[in-house]
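Asker: Give me the fold of what follows.
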Amino acid sequence: MKSSRVTLRSPAEIAQAREAGHLAARVLHMITPHVQPGVSTEALDRLCHDYIVNELQVTPANVGYLGYPKTVCTSVNHVICHGIPSPGQVLKAGDIINIDVAIIKDGWFGDTSRMYFVGEPSPLARRLVDTTYEAMCAGIAQVRPGATLGDVGHAIQTVAHRERFSVVREYCGHGIGQIYHDEPQVLHYGQRGQGLRLEEGMVFTIEPMINAGKRDTQELADGWTVVTRDRSLSAQWEHMVAVTADGFEVLTPWPEGTGRYPALV
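Answerer: Numbering: from 1, shown residues only. Predicted coordinates for the structure are as follows:
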């Protein structure tokens, strides 16, 4: 069923999206102990690929997608998104890194990302990462039938701006299901009451990218890697969510719980 070009999913379809989302979250749980100083982003990618293919026995969605060469995106420090794993990029103490994974299970996509600290981060890096998580949660908390995507974006930007951080505007969340990037586009800024009105059965990602400096972006010559133009730090978190009858369901919950981060309720 379609609503303003957005597919409304049946309970059976949401169950399939949920299964794919849970599997994607397991990949990020698996890789956590391997994010250490001295480890290359290529090594992390290889571990994720082998786990997806051999352990989960599903398909890595990113390999070959629009020509992308790797299994995950590894975005370190001032990289906003789409960082390509490389044997020459070796993590060092104090780095922050986003790992973004997508898998396909029985034709359904699961897509999620998390931030990791490599050793002990700087106070600014920790505040940026924690604020970005808070912003994602604030956006998710707005999700319910009758709310708008503008409500989601406004909640996210309010948290980011409170800390004098900026919100990236060129990249956004997206509908997801049997298509990787579908309608609607989920902006991480906006005005309350504006934009698409949410309905039960919608499934999409919320994945704010927040910069410590200005919001301006630059795509590198590889055609994928996006960095902050001022080379300030950037952070991102991503969950898949479904609109339920009375609110939302996170389809990519962390297997181990949220740890030091507040739970989504």
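
Asker: element containing the nearest residue to residue 37 once chain neighbours are set aside?
Answerer: Leaving aside its chain neighbours, residue 37 sits nearest to residue 93 (4.6 Å; criterion: CB to CB, 6 or more residues apart in numbering). The way it works is simple: take the backbone N, C-alpha and C, and place the C-beta from them, glycine included. Assigning secondary structure by DSSP states H and E places residue 93 outside every helix and strand.

Asker: where does the most centrally placed residue in the chain sit relative to residue 252, distance-wise?
Answerer: For the chain, the residue sitting closest to the mean C-alpha position, by CA atoms, centre = their mean, is residue 238 at 2.4 Å. Here the distance between residue 238 and residue 252 works out to 8 Å (CB to CB, to the nearest Å).

Asker: Common neighbours of the two, please.
Answerer: 111, 112 (CB atoms under 8 Å, 6 or more residues apart in numbering).

Asker: where along the chain do the helices fall?
Answerer: Taking DSSP state H to define them, one finds helices in the chain at 11-31, 41-50, 123-141, 149-162.

Asker: okay, those helices, which one's buried deepest?
Answerer: The highest average neighbour count among the helices of the chain, using mean count of other CB atoms under 10 Å, belongs to helix 149-162 at a mean of 22.

Asker: The closest residue in space to residue 21 that isn't next to it in sequence: neighbouring residues, count only.
Answerer: Taking CB to CB, 6+ apart, and ignoring the residues beside it in sequence, residue 21 has residue 251 as its nearest neighbour in space, at 3.5 Å. Residue 251 has 25 neighbours, counted by other CB atoms under 10 Å.

Asker: if I read this right, residue 264 contacts residue 140, doesn't it?
Answerer: Yes - under the criterion of CB atoms under 8 Å, residue 264 is in contact with residue 140, at a separation of 5.9 Å.

Asker: Same list (the helices of the chain) but as a markdown table, adding mean pLDDT.
Answerer: Output for the helices of the chain, formatted as a markdown table (pLDDT from 0 to 100):
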| stretch | mean pLDDT |
| --- | --- |
| helix 11-31 | 98 |
| helix 41-50 | 98 |
| helix 123-141 | 98 |
| helix 149-162 | 98 |
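
Asker: Output those in JSON lines, with distance to residue 179 appended to each entry.
Answerer: Rendered in JSON lines, the data for the helices of the chain read as follows (distance: least, CB to CB, whole Å):
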{"stretch": "helix 11-31", "distance to residue 179": "12"}
{"stretch": "helix 41-50", "distance to residue 179": "22"}
{"stretch": "helix 123-141", "distance to residue 179": "21"}
{"stretch": "helix 149-162", "distance to residue 179": "18"}
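
Asker: For the nearest residue to residue 216 once chain neighbours are set aside, the count of nearby residues, please.
Answerer: For residue 216, ignoring the flanking residues on the chain, the nearest one in space by CB to CB, 6+ apart is residue 229 at 3.9 Å. Here the number of neighbours of residue 229 (other CB under 10 Å) works out to 15.

Asker: how many neighbours does the nearest residue to residue 79 once chain neighbours are set aside have?
Answerer: Using CB to CB, 6+ apart and skipping residues adjacent in sequence, the residue nearest residue 79 is residue 227, 5.4 Å away. The local packing count at residue 227 equals 22, with neighbours defined by other CB under 10 Å.

Asker: where's residue 227 relative to residue 65, distance?
Answerer: In this view, residue 227 and residue 65 are 21 Å apart by CB to CB.
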